[in-house]
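> Mind looking at a prediction? Sequence and model below.
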Amino acid sequence: MAYIKTHFFSTSLCFGTDLEVFVPTPDADELLNQKPRDYFRPGVRYQVLYLLHGAYGDYSDWLHLTSVERYAQDHKLAVVMPSASNSFYQDMVYGSDYLTYVSEELPRFCEANFPISAKREDTFIAGLSMGGYGALKVALTKPEKYACVASLSGALDLETILPFLAEMPASPFRIEDILGTDQIAGSDADLFTLIRKLQAEGRELPQIYQTVGTEDFIYPCNQAAKKKFEELGVEFTYAEHPGIHDWKFWDAHIRDVLNWLPLKDAALEG
Amino acid sequence: MAHFDVTFFSSALKKNTELSVIIPSVSADDYLFGENVPDYYGEGKFQTLYLLHGSYGDFTDWTLLTSIYRYAQEHCLAVVMPSGENSSYLNMKHGEDYLIYISEELPSFCTTLFPFSTKREDTFIAGLSMGGYGAYRAALQHPETYGAVASLSGNLDKAGAKLSGEAHMTKMPLNYRKAVNGDSLQMSEENDLRFLLQKCLSEKKELPKMYHTIGEDDFLRGPSESYIAFARERGVDIEFHLYPGVHDWKFWDAHIQDVLDWLPLKRGKC
């Protein structure tokens, strides 16, 4: 696995930003255990997962706090981890254009500079907590780009979670600055409004995966979201497990996400 | 400009190793004032300079101690900066195979991972001091790989070197020097740049374009001039420049720019 810490000037954000990228390359484990090592060759492309951090986090979280590098290597999957501050992955009303950055500029930059497939069937996005919401927000904004989207403990139903966040001590979110309003229903901040629009246009939705810990404070928010998915007739995969809102849960269940994704567990030809 | 710090498992070295990579991309200047900005994310591949550090250094040196990041962007050139310990970029008698790593594995790895041209005319190698020697060593081993080679303050002529009293030699641990060259501490003939140049000429191999520069007061000036003379006697015209200066980063930051101006660059993707 090549682990690549990347810094570049983002024209969406108008400042330099960092990301972590994993690309499968022959490693010591494959040498020791005599696994195939001939997949890294000229013209190779990999399936790619964009993996989003949560509140208070940044591009380095998934790397430091889980073993996603090792899981991705087993699946021959490239992983891209950007930073998006506490923006809820939005183009902020007062702030920066993180939605444009993550949904447009980032894939363009990564497809130009790394050996990853640009095909929809090979492109996935996932995230935890704020990043679980962000993954769906991005995927439902660009449904033609992503075949699959997964939320781990995601803040999916903003209508449920925002009153909770408002009461939260040391909340990092300036919701008025992010959205310009706290009226969620009917706005593009509402994932279910986005789904309704796509359904009305007859667009194909990405496949959706939702997982949450049964003891997580965000469990009720996820139950509300699950109900709304069902009411909209959206096909989705739901899994709940014992656990709270922590890295133990995310390290365990990002593996379920990788098992759920339609991964080829192999390098793709260029 | 995008900057990448890469960690990967090297099959040649049998351990993890690090490198820094610079790839031209939209800069703040391009964004603000750019006219005729190259299509960085479009089709095509970048020309690439492999840039080697000196003894007592590592892959971070060129980035931290010069403005190579800015110069590479100005020249629309990708730059790869690996680590070579104090190996002189040789296959150590008792140690790692740095020559194989630098001249074989690294170009293959980088052209697979990044959007780099694989053509000889687009592939260059340079370095300072030990890295100047290393660049010549690699280029004369694989003249079919590199279109041009440049040395800044390199010790090209070991036969003429009088290093014994220099701190560079006396402060290098004896056990490390033995690991590189064996108990005799004598560089073997296969690593002698006179021998290698003569061998390329006898085998009628096409030589890369060659460049060498050194400070007037550099302690390695003597073996520079003797090697240039040796090459000229054999009809090999190494472009040679003597400038005021000594063996320091002020010299290398100034004159790496001359090297970039001298390289046959296309100033865009090719």
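Looks like it came in fine. Numbers count the residues shown, from 1 in each chain, chains lettered A, B, ... in the order given.
> tell me the helices in the stretch 101-250 of chain B, going along the chain?
B:106-113, B:130-141, B:167-170, B:174-181, B:193-202, B:221-233, B:249-262 (DSSP state H, counting those that start in this stretch).
> could those be laid out in JSON lines, adding distance to chain A, mean neighbour count and mean pLDDT?
The C-beta positions use only the backbone N, C-alpha and C, and glycine is treated the same way. JSON lines is the format used below for the helices of the stretch 101-250 of chain B (distance: least, C-beta to the nearest C-beta, whole Å; neighbours: other C-beta atoms under 10 Å in any protein chain shown; pLDDT from 0 to 100):
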{"stretch": "helix B:106-113", "distance to chain A": "6", "mean neighbour count": "20", "mean pLDDT": "98"}
{"stretch": "helix B:130-141", "distance to chain A": "20", "mean neighbour count": "28", "mean pLDDT": "97"}
{"stretch": "helix B:167-170", "distance to chain A": "31", "mean neighbour count": "13", "mean pLDDT": "78"}
{"stretch": "helix B:174-181", "distance to chain A": "22", "mean neighbour count": "15", "mean pLDDT": "90"}
{"stretch": "helix B:193-202", "distance to chain A": "26", "mean neighbour count": "17", "mean pLDDT": "97"}
{"stretch": "helix B:221-233", "distance to chain A": "34", "mean neighbour count": "18", "mean pLDDT": "94"}
{"stretch": "helix B:249-262", "distance to chain A": "21", "mean neighbour count": "18", "mean pLDDT": "98"}
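> Give me the distance between A:Val68 and B:Met210.
46 Å (C-beta to C-beta, to the nearest Å).
> Please read the previous query as pertaining to A:Tyr209.
Going from A:Tyr209 to B:Met210 by C-beta to C-beta gives 57 Å.
> so which strand or helix has A:Glu215?
For A:Glu215, there is no host helix or strand (DSSP states H and E).
> Which of the three states applies to the closest residue in space to it that isn't next to it in sequence?
Of all residues not flanking A:Glu215 in the chain, A:Ile244 sits nearest, at 4.9 Å (C-beta to C-beta, 6 or more residues apart in numbering or on different chains). Following DSSP: H, G, I helix; E, B strand; the rest coil, A:Ile244 is assigned to coil.
> Please name the nearest non-neighbouring residue to B:Lys209.
That would be B:Ala148: by C-beta to C-beta, 6+ apart, it lies 4.1 Å from B:Lys209.
> Share the number of residues neighbouring that neighbour, please.
The tally of other residues near B:Ala148 (other C-beta atoms under 10 Å in any protein chain shown) stands at 25.
> which stretches of the chain aren't confidently modelled?
I'll assume chain A. A:270 (pLDDT under 70).
> wrong chain, I was asking about chain B
Counting by pLDDT under 70, the ranges of chain B that qualify are B:159-165.
> That one: strands as residue ranges?
For chain B, the strands defined by DSSP state E occupy B:2-10, B:15-23, B:48-52, B:78-82, B:123-128, B:148-152, B:209-215, B:239-243.
> do the same with chain A
Counting by DSSP E, the strands of chain A are A:2-10, A:15-23, A:47-52, A:77-81, A:123-128, A:148-152, A:207-213, A:236-241.
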